[in-house]
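**Q** When you get a sec, could you give me coordinates for this:
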Amino acid sequence: MTPRSTLDVLAEAVRLKRLARAGWVRVGVKDGETVAAHSWGVAWLVLALCPPELNRHRALAYAVVHDLAEVRTGDFTPHDAIPNKAELEEAAFRGLTDGLGRPDLANLFTSYEAQEDDEGRFVRQCDRLDMAVQALVYAAEGHPTDEFVRSAAAVIKHPALVPVLDALQTRMREQITARTPSTRP
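**A** Take a look at the predicted model:
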């Protein structure tokens, strides 16, 4: 078997720019967010909200790689009930990046998935917050997205993120109230 070139790996990873996020497809969002757009959103949240006691560089690296394996596995959601999701994604990540000669990338992915440090746990919560922010945008367009906000709220506990989630939930309630027709005469 011929070893994959760096260009092959980079070109394959770029396919994330076209891979639709499965949850949005499931609720009927047309031309919705891609996995790469979501990863950018997570990185943006990390950059904007990472508290000084965390290693921002490590957190940003986690944000960039956290969904990279999906270029090979696809975007699984909890509705898919994939029992061996972690193993599939780790094998996909290693298969994708082995040709780069960068074992640190595989270690980074493994550390994030294991939630070994505060940075990984913060990024996991940013991952959910990005989903909730996107849900707010899609809710304003009339899509049923409250399940995504509830899912995020179950995970987000970091003091730097809770106020943003609280504001988002308030905005979501306001949007719902504005759409609900009044029954008063």
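
**Q** In space, what's closest to His66 - neighbours in sequence excluded?
**A** Of all residues not flanking His66 in the chain, Tyr112 sits nearest, at 5.7 Å (Cβ to Cβ, 6 or more residues apart in numbering). (Glycine included, C-beta is placed from N, CA and C.)

**Q** Touching, the one you found and Phe122? I think so.
**A** No: applying Cβ atoms under 8 Å as the test, Tyr112 and Phe122 come out as separate, 10.7 Å apart.

**Q** So between the two, which is more surrounded?
**A** Using other Cβ atoms under 10 Å as the criterion, Tyr112 and Phe122 rank with Phe122 on top: 26 against 23.

**Q** how much space is there between the more buried one and Lys157?
**A** Look at Phe122 and Lys157: by Cβ to Cβ, to the nearest Å, they are 10 Å apart.

**Q** repeat for Ala167
**A** 16 Å.

**Q** Over to Asp146?
**A** Using Cβ to Cβ, Asp146 is found at 20 Å from Lys157.

**Q** List the buried residues for the strand or helix carrying Glu147?
**A** If you go by DSSP states H and E, Glu147 is part of helix 146-153. Residues of helix 146-153 classed as buried by neighbour count (16 or more other Cβ atoms under 10 Å): 148-149, 151-153.

**Q** same for it, what does it pack against?
**A** Using 3 or more Cβ pairs under 8 Å, 6 or more residues apart in numbering; DSSP states H and E as the contact test, the elements touching helix 146-153 are helix 118-140, helix 162-179.

**Q** in the shortest one, what counts as buried?
**A** Buried residues in helix 162-179, defined by neighbour count with 16+ other Cβ under 10 Å: 164-165, 168-169, 172.
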